[in-house]
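S.K.: Sharing a model that was predicted from the sequence below.
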Amino acid sequence: MSTSQQVTYSLDFDARRKSRNVKPATTEHRGPDVGCVPRIARLLALAIRMEGLVRERAIRDYAAVASVGWVTRARVSQIMKLLNLAPDIQEQILFLPPIRGLNERNLRPISNQIDWDEQRRLFQELTRRSLGLRPGE
């Protein structure tokens with residue numbers, strides 16, 4: 001992709017549920033997912049933002065990010081590992097439409113690969129499998 005776009009998100013790390021009885025909205029209540037940003041794209045954008053905040057020293061370290069975000073340090077590490085993906089894979093994730101099966105858990109083995117060419121092969125295989133395409137299609 002030769003054009004560049006900037007994606008900006010506002011995050012409220014102090015948002016807490018008032019009651020355990022509150023249930024998150026489901027797609028039936030929200031309507032169709034037209035224009036909906038996939039969760040994996042939001043997680044990648046969050047990782048990019050957290051990396052920037054730590055680099056700018058706005059937040060001390062990832063342990064502080066976990067504390068402010070009310071998540072474990074292990075979960076922050078899982079999210080931050082998305083930054084180990086090849087830049088072109090990150091770009092695809094940010095701009096792909098929602099694909100069933102394309103999630104952070106399925107991307108973990110890919111982000112553990114050091115070789116970007118191997119990452120690209122595995123990512124292509126994952127997206128084809130998620131779309132229900134056979135290897136030659």
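M.R.: Arrived safely, thanks for sending. All values reported here derive from a predicted model rather than from experimental measurement.

S.K.: If you count neighbours, what's buried in stretch 113-132?
M.R.: Judged by neighbour count using 16 or more other CB atoms under 10 Å, the buried positions of stretch 113-132 are Q113, Q119, R120, L122, F123, L126, T127. For every residue, glycine as well, the C-beta is placed using N, CA and C.

S.K.: again with stretch 36-55
M.R.: Within stretch 36-55, the residues that count as buried by 16+ other CB under 10 Å are P38, I40, A41, L43, L44, A45, L46, A47, I48, M50, L53, V54.

S.K.: Go ahead and confirm L126 touches R108.
M.R.: No. Using CB atoms under 8 Å, L126 is not in contact with R108; the gap is 11.1 Å.

S.K.: circling back to that earlier point, arrange the buried residues of stretch 36-55 in CSV, one row each, with pLDDT and distance to N84 as further columns.
M.R.: CSV is the format used below for the buried residues of stretch 36-55 (pLDDT from 0 to 100; distance: CB to CB, whole Å):
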residue, pLDDT, distance to N84
P38, 92, 19
I40, 95, 14
A41, 95, 17
L43, 96, 13
L44, 96, 11
A45, 96, 16
L46, 95, 15
A47, 96, 10
I48, 96, 12
M50, 94, 14
L53, 93, 18
V54, 93, 16
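
S.K.: between those residues, which is closest to I99?
M.R.: Taking CB to CB as the measure, I99 lies nearest P38 of these, at 7.3 Å.

S.K.: related to what we said a few turns ago, which ones among the buried residues of stretch 36-55 map onto helices?
M.R.: Secondary structure from DSSP state H places I40, A41, L43, L44, A45, L46, A47, I48, M50, L53, V54 of those in helices.

S.K.: Can you add distance to L94 and give these back as CSV?
M.R.: Below are those laid out as CSV (distance: CB to CB, whole Å):
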residue, distance to L94
I40, 9
A41, 5
L43, 10
L44, 6
A45, 7
L46, 12
A47, 11
I48, 9
M50, 15
L53, 18
V54, 20
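
S.K.: What is the nearest of these to R73?
M.R.: Comparing those against R73 with CB to CB places M50 closest, at 12.3 Å.
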